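[1] Using only what follows, build the 3D model:
(4 chains)
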2 protein chains.
Amino acid sequence: MNANPVSNANSSAPESGAPASASGSSTAAPAASPSPTFSPLYQQIKGLITQSLESGEWKPGEIIPSEVELAARYKVSQGTVRKAIDELAADNLLVRRQGKGTFVATHNEERAQFRFLRLLADDGAEHPHVSRLLECRRLRASAEIARQLDLKPADPVVLIKRLLQFDGESTVLDEIWLPGGVFRGLTAERLAEYKGPLYAMFEADFGTRMIRATEKIRAVAAEPAVADLLNVPAGFPLLSVDRVSYTYGDRPVEVRRGWYVTTGYYYQNDLS
Amino acid sequence: MNANPVSNANSSAPESGAPASASGSSTAAPAASPSPTFSPLYQQIKGLITQSLESGEWKPGEIIPSEVELAARYKVSQGTVRKAIDELAADNLLVRRQGKGTFVATHNEERAQFRFLRLLADDGAEHPHVSRLLECRRLRASAEIARQLDLKPADPVVLIKRLLQFDGESTVLDEIWLPGGVFRGLTAERLAEYKGPLYAMFEADFGTRMIRATEKIRAVAAEPAVADLLNVPAGFPLLSVDRVSYTYGDRPVEVRRGWYVTTGYYYQNDLS
DNA sequence: TAGTGGTCTAGACCACGTG
DNA sequence: ACGTGGTCTAGACCACTAT
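    As a prediction, this is how the structure comes out:
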């Protein structure tokens, strides 16, 4: 009854006599301070579940143990693991399905794709797109890329250039930098043959799951080289989207610069 | 023990005999289907609290009754109102402050301002800005504006044009349309004298609180008139931001077209 | 010291998806 | 019929803020 994962003093249950309620965190006699580093139990459980996700104990798309099972495993009540799972579901790491179970989120779901490419046609419809690989090579990180990927300058990186076509129109040009260490086996062939979202391949083939990203958006005039690839005149206004994506532990694992043609399409954002 | 707000059949407590579990919603005899319109208790409570917010029973910045008080008022357990408040806090309608109470959110808070103007300087800092009123007049809604504001064409609307200056540089040009009925007393004088965010004035003076908004973002070439006001050459690439803001009940109450100069500044977006 | 939100538990019952 | 997540309750205790 007292083998909690990290322990924050949690022994309720009027078992033997002893009212027992030793209260929080400090251990020795005079009690240094009330709670220097207090962390709720459900947060600790959340951390443990996250570890299992990161280690691959439960893979994307798979079901995880039921709430009762996890409660038994961690020696806490069902309500506590429930609150932990609630937050992980809110963070898009898990997906609950009533009557079935709780599943590890994956970038293959319809819903997940829109989170990272928010381009809609003027009529509001979500158009399918095809990717055309332009380039994929390994090189040494520039100072700027190294900084953003938390690498050392001249560390190996992979550079991918690709074109996204909506209804046959070239609409998005992407330059993608990935840390060479993590994406060791990534080749142009593998990229060319793969259908579906890049992030789905990353999580399936390289065990690297994109959790969140930040984007810096600007309006810029198309440089000649870019304009050429996107079939617009030089100087044409483009949306410039600088993205950094993070995986578990908020470690950056992708830097991406995109140019979007926004005639007929727009970037959708919800402020809520 | 049985005066619940909407009733979904919820009488636990082994009181008298009767197992009692008449189950959900349908009223007449043969019971159409198991639960055609099931809504959890806490959702109903959430609705009741929202009504009180909308009606002005608790105003922005004010404290609302404690969880125990609300539980007594609605005849439910504290845990149920807690879950209702949790969601309202997640929706940014309420703000919880441990040890103090729960408060009605307001657009005056530091935190709230960034939700609706996500422009940061290249160094990542959030710069203060001043607003310069260019125009404020009443007119009849065009077909397009009427549609977006859910009005009839030629209904009265207010049009505001203003310039936002960051560090003295003209950076944002806004055209704002508001329904004339709701914003009856809005004048250029009132606008000119008011310091602070527009939305803070709207909620204080007109009882209209912006809850959420959607934005459609494009890159466009500056038209001469716009370019002139923003001190950029005609044809300069600008961020075009089309916003529709909604209040309680998802009713649209503002349409806004903004042009942003993104040299030295960028639009920040978080995908999570 | 008292009041507020925050955490944790334990148990009952409901809705949903399978057999 | 059974197992899963989803709702609801009741009560205990903790952490924070004010008086």
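[2] Up against chain B, what does the stretch 51-200 of chain A have?
    Contact residues (C-beta under 8 Å from any C-beta of the partner chain) of the stretch 51-200 of chain A with chain B: A:91-92, A:115-116, A:118, A:120. Backbone N, C-alpha and C define where each C-beta goes, glycine included.
[3] Residue A:48: neighbour count?
    17 (other C-beta atoms under 10 Å in any protein chain shown).
[4] tell me the strands in the stretch 101-250 of chain A, going along the chain?
    Remark: strands assigned in the stretch 101-250 of chain A by DSSP state E, counting those that start in this stretch are A:101-104, A:119-121, A:129-140, A:156-166, A:169-179, A:212-221, A:237-247.
[5] In CSV: the ones you listed, plus mean pLDDT, mean neighbour count and distance to residue A:45.
    Listed next are the strands of the stretch 101-250 of chain A as CSV, based on pLDDT from 0 to 100; neighbours: other C-beta atoms under 10 Å in any protein chain shown; distance: least, C-beta to C-beta, whole Å:
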stretch, mean pLDDT, mean neighbour count, distance to residue A:45
strand A:101-104, 98, 18, 13
strand A:119-121, 96, 18, 38
strand A:129-140, 96, 14, 39
strand A:156-166, 97, 18, 36
strand A:169-179, 98, 20, 30
strand A:212-221, 98, 20, 21
strand A:237-247, 98, 21, 21
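[6] ChimeraX command for the buried members of the residues of the stretch 51-200 of chain A next to chain B?
    In ChimeraX, a selection of the buried entries from these looks like this (16 or more other C-beta atoms under 10 Å in any protein chain shown):
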select /A:115,116,118,120
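[7] Kindly reformat the residues of the stretch 51-200 of chain A next to chain B as TSV containing distance to residue B:71.
    Shown next, in TSV, are those (distance: C-beta to C-beta, whole Å):
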residue	distance to residue B:71
A:91	29
A:92	32
A:115	37
A:116	41
A:118	40
A:120	43
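[8] now, which of the residues of the stretch 51-200 of chain A next to chain B sits nearest residue A:248?
    residue A:91 (10.8 Å; C-beta to C-beta).
[9] hang on, the closest one packs against residue A:209?
    No: in this structure, residue A:91 is not within contact of residue A:209 by C-beta atoms under 8 Å, at 11.8 Å.
[10] for the stretch 1-150 of chain A, which spans come out with low pLDDT?
    A:1-36 (pLDDT under 70).
[11] at 90 what do you get?
    A:1-38, A:109-114, A:126-127 (pLDDT under 90).
[12] Spell out, range by range, the helices that occur in it.
    With helices called from DSSP state H, counting those that start in this stretch, the stretch 1-150 of chain A shows them at A:41-55, A:67-74, A:78-90, A:110-116, A:143-149.
[13] burial measure for residue A:68, as a count.
    The burial count for residue A:68: 10, using other C-beta under 10 Å.
[14] Wait, it touches residue A:76, no?
    No: counting by C-beta under 8 Å, residue A:76 is not a contact partner of residue A:68; they are 11.2 Å apart.
[15] Next one: the most centrally placed residue in chain A relative to residue B:64, how far apart?
    By C-alpha atoms, centre = their mean, chain A has its centre lying nearest to residue A:211, at 1.0 Å. Applying C-beta to C-beta, to the nearest Å, the value for residue A:211 to residue B:64 is 34 Å.
[16] Same check on residue A:68?
    36 Å.
[17] domain ranges for chain A?
    A:41-104, A:110-267 (automatic domain parsing).
[18] what about the first one, near DNA strand D?
    When you say that, I think you mean domain A:41-104. Yes: counting by C-beta under 7 Å from any atom of the strand, contacts between domain A:41-104 and DNA strand D involve A:64, A:66-69, A:79, A:82, A:96-102.
[19] follow-up on the earlier one: out of the domains of chain A, the one nearest residue B:268 is which?
    Per C-beta to C-beta, nearest to residue B:268 of the domains of chain A: domain A:110-267, 6.2 Å.
[20] Regarding the closest one, how distant is the last residue from the first?
    Terminal residues of domain A:110-267 are spaced 18 Å apart (C-alpha to C-alpha, to the nearest Å).
[21] what sits against the residue nearest to residue A:247 when sequence neighbours are not counted?
    In space, and not counting its chain neighbours, residue A:247 is closest to residue A:253: 4.9 Å by C-beta to C-beta, 6 or more residues apart in numbering or on different chains. Counting by C-beta atoms under 8 Å, 6 or more residues apart in numbering or on different chains, residue A:253 touches A:149, A:178-179, A:182, A:208, A:210, A:245-247.
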